[in-house]
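Visitor: Have a look at this fold, sequence not included:
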């Protein structure tokens, strides 16, 4: 696996930087890939299948950063990518303080290489994490700066990711067809170029937007993509889809189906140990209780969910769907 990733990395570097086609895998690339596999791929694979908990050194991103610096004596590109991914794990689990600490270290590691592909990965993780915090204006600021940079360098994949996140953020601020179209165009570009890395996250957002726009057939098509990937163990985006489908059922007056779909979203959050998704599930549960005229339970559960989100640093907003 290390050799395959190293070979792909060399060709990615070649695609970005140009020059003669690589004939050998450099020692620098091989070392970075070994770090990536040992510090990220193996632990992530174990966690995906529920066979391991985070090791103590990964529970605090600052501790991990100090460990890398002390033992390597250099600021490595591979370590920056590892830290950005660890930041994503912390954010998904609701520890945004640790998440932003990890991002700060990752940015420091790539500060001297702003045009390196890993630097774009760090930026992309940053806007995704801000989106998970529902800090939409900050998301758009980060997206706009990324788009301006990658336009000059013709870096198409980071541009597509930025537009997908940006479209979703614009829609969350003010639902409109242009925002949906922007996100759809970006995700279709990824689809047409066979990009699969973390794409269930973006498809999940498309499902959410399509349901709210009444585009149910499109929502179902995109939901199938996410749920198929979830069956293989890649569950990011799964809870988003089940919540959106639960709201769709609620709109059609099918309360029983809405409750069943929410239960699947709760199971997904539990499998991934995602405190953030669990709090969002509680908000939807409060809405279902309200529609079932169980008003006292609904108010109490909504207050609990909002308290949990505030403790995590997730912003809440009022829109046509209630508090989100």
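Guide: Done, it's in. Because the structure is a prediction, the values reported are computed rather than measured. Numbers count the residues shown, from 1 in each chain.
Visitor: what about the nearest residue to residue 272 once chain neighbours are set aside, neighbour count?
Guide: In space, not counting the residues next to it along the chain, residue 272 is nearest to residue 235; the distance is 5.4 Å by C-beta to C-beta, 6 or more residues apart in numbering. Every residue, glycine included, has its C-beta placed from N, CA and C. By other C-beta atoms under 10 Å, 21 other residues sit near residue 235.
Visitor: secondary structure class for residue 235?
Guide: Recorded secondary structure, residue 235: coil (DSSP: H, G, I helix; E, B strand; the rest coil).
Visitor: ok now the host helix or strand of residue 218, how far from the chain's centre?
Guide: Taking DSSP states H and E as the criterion, residue 218 maps to helix 216-231. Taking the mean of its C-alpha atoms, helix 216-231 sits 17 Å from the chain's own mean (C-alpha atoms, centre = their mean, to the nearest Å).
Visitor: Use 51 as the first number for this chain going forward.
Guide: With the count now opening at 51, the last piece we talked about shows up as helix 266-281.
Visitor: which other residues reach it?
Guide: Residues outside helix 266-281 that contact it (C-beta atoms under 8 Å, 6 or more residues apart in numbering) are 249-250, 253-254, 256-257, 260-261, 287-288, 290-291, 294-295, 298, 318.
Visitor: now it: mean pLDDT?
Guide: The average of the pLDDT scores along helix 266-281 is 92.
Visitor: cool, and stretch 214-225?
Guide: Averaged across stretch 214-225, the pLDDT comes to 92.
Visitor: centre of the chain versus it, how much separation?
Guide: Shown here is stretch 214-225, whose average C-alpha point lies 15 Å from the average C-alpha point of the whole chain (C-alpha atoms, centre = their mean).
Visitor: and if you look at stretch 309-323?
Guide: For stretch 309-323, the distance to the chain centre is 17 Å (C-alpha atoms, centre = their mean).
Visitor: now do stretch 174-183
Guide: In terms of C-alpha atoms, centre = their mean, the gap separating the centre of stretch 174-183 from the centre of its chain is 7 Å.
Visitor: for stretch 333-346, same thing?
Guide: Relative to its parent chain, stretch 333-346 has a centroid offset of 28 Å by C-alpha atoms, centre = their mean.
Visitor: What lies in contact with it?
Guide: Stretch 333-346 is contacted from outside by 293, 296-297, 300, 305, 308-309, 312, 315, 347-349, 351-352, 355-356, 359, 371-374, using C-beta under 8 Å, 6+ apart.
Visitor: which of the residues you listed count as buried?
Guide: Buried members of these, counted by 16 or more other C-beta atoms under 10 Å: 293, 296-297, 300, 308-309, 312, 315, 348, 351-352, 355-356, 359, 374.
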